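1. Sequence first, predicted model second:
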Amino acid sequence: MNTDFRDGYGAVPMSNWRDKRASAAICYLDAAVRARGNLTIINGATVTGFVFDGRRVTGVTAKTGDKIGGEQKQFSAREVILSAGGVHSPVFLLRSGIGPAGALRDLGIEVRADLPGVGENLSNHAIVFVGLLQKREARQAPSLRPHPMTAFRYSSGLPGAPPTDMYINVQCKTSWSPLGFQVANLAPTLLKRWRAAASH
C-alpha cells in the first residue's frame, strides 16, 4: 500500500503486534532516546496555546500535573513543531489566531497571521461498510488482534478519475466486542478524489 502504487492487493500496513497497537511513543521513544540529555518527556500535559513574540512563535503554554484543572506552565523553544494530526493541527492554529482573518475576527479571535488556507479543504475518504455475519468456523481467531486482513486497490476507469482511485478493505471482524468478532466488513472506499469530465 505504501510503496507500490499499482492496482492489486496486499496486506494492510498497520503499526501492530499480535496483541497490541504500536503507539508513536512505543515506536520512537525507546530506551536510548529517553536517555538523551536534551530530551524531557512530560506526561499528562495538554498544550493550551502558543507563546508569541510579535508574529513569531517562541513557545507554548500547557496544563500539567494531576491537580484538578492542572497547573499552567510555559515552555520556551527556538523551534516549535505542531504535530496534532490533520484535524487538530488546523484547529489549534485557528484558535491561536493563525488563519483567515475575517473568520477569526467574526469569532472574536485576535488575528496573528492572515492565512486563508488554514482549516480549509479538509476531507476524509468516502467509505461504506458492508457487514457480513460470519459462521462460527469462519471467524477470525481470537489470538489475532488486528481486524483488517487484506485490501484491494483498483482503478474505476471512470472519466476524469486518476489511476488507483478505489480501495476495498477486508475486515475479518468489526470490533473486539463479542458481536464485533462475529461481523466481517467489506469497506469500499474512494481512495482518491476525481472530477467528472465535462460533458460536450
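-> Here it is on my side, so go on. Numbers count the residues shown, from 1 in each chain.
2. what are the ranges of the strands in the chain?
-> For the chain, applying DSSP state E gives strands covering 8-10, 46-53, 56-64, 71-76, 98-99, 113-114, 130-133, 148-154, 166-171, 183-190.
3. Low-confidence ranges, the protein, go.
-> Flagging of the chain using pLDDT under 70 yields the residue ranges 66-69, 194-200.
4. And the helices in it?
-> Per DSSP state H, the chain has helices spanning 24-28, 31-34, 85-95, 101-106. These are given in chain order.
5. nearest to Arg145, of these?
-> Arg145 sits nearest to helix 24-28 of all those, at 14.4 Å, using CB to CB. Bear in mind the C-beta positions are built from the backbone N, C-alpha and C, glycine included.
6. quick revisit: out of the strands of the chain, which gets nearest to His88?
-> strand 46-53 (10.3 Å).
7. Mind giving me the packing neighbours of that closest one?
-> Helices and strands touching strand 46-53, by 3 or more CB pairs under 8 Å, 6 or more residues apart in numbering; DSSP states H and E, are strand 56-64, strand 71-76.
8. For the longest one, which outside residues touch it?
-> If you take CB atoms under 8 Å, 6 or more residues apart in numbering as the criterion, strand 56-64 is touched by 42, 44-52, 69-77, 80.
9. Of those, select the buried ones using a PyMOL command.
-> Applied in PyMOL, the following selects the buried portion of the contacts of strand 56-64 according to 16 or more other CB atoms under 10 Å:
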select buried, resi 45+47+50+52+75
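10. picking that back up, could you dump the helices of the chain into TSV with distance to Pro146 and mean neighbour count added?
-> Below are the helices of the chain laid out as TSV (distance: least, CB to CB, whole Å; neighbours: other CB atoms under 10 Å):
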stretch	distance to Pro146	mean neighbour count
helix 24-28	15	10
helix 31-34	26	8
helix 85-95	21	15
helix 101-106	40	14
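11. These into CSV, with extra columns for distance to Phe5?
-> Below are the helices of the chain laid out as CSV (distance: least, CB to CB, whole Å):
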stretch, distance to Phe5
helix 24-28, 24
helix 31-34, 32
helix 85-95, 20
helix 101-106, 36
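12. right, and the ones you listed - which one's nearest Ser156?
-> Sorting the helices of the chain by CB to CB, the top spot, which is the nearest, belongs to helix 85-95 at 24.5 Å.
13. Run through who's touching that closest one.
-> So helix 85-95 is in contact with 47, 49, 82-84, 99, 103-104, 109, 115, 118-119, 122, going by CB under 8 Å, 6+ apart.
14. closest one to Asp7 among the helices of the chain?
-> Using CB to CB, the helices of the chain put helix 85-95 closest to Asp7, at 26.0 Å.
15. and that closest one with strand 56-64, angle?
-> 110 degrees (axes from the mean of the first three to the mean of the last three CA atoms, to 10 degrees).
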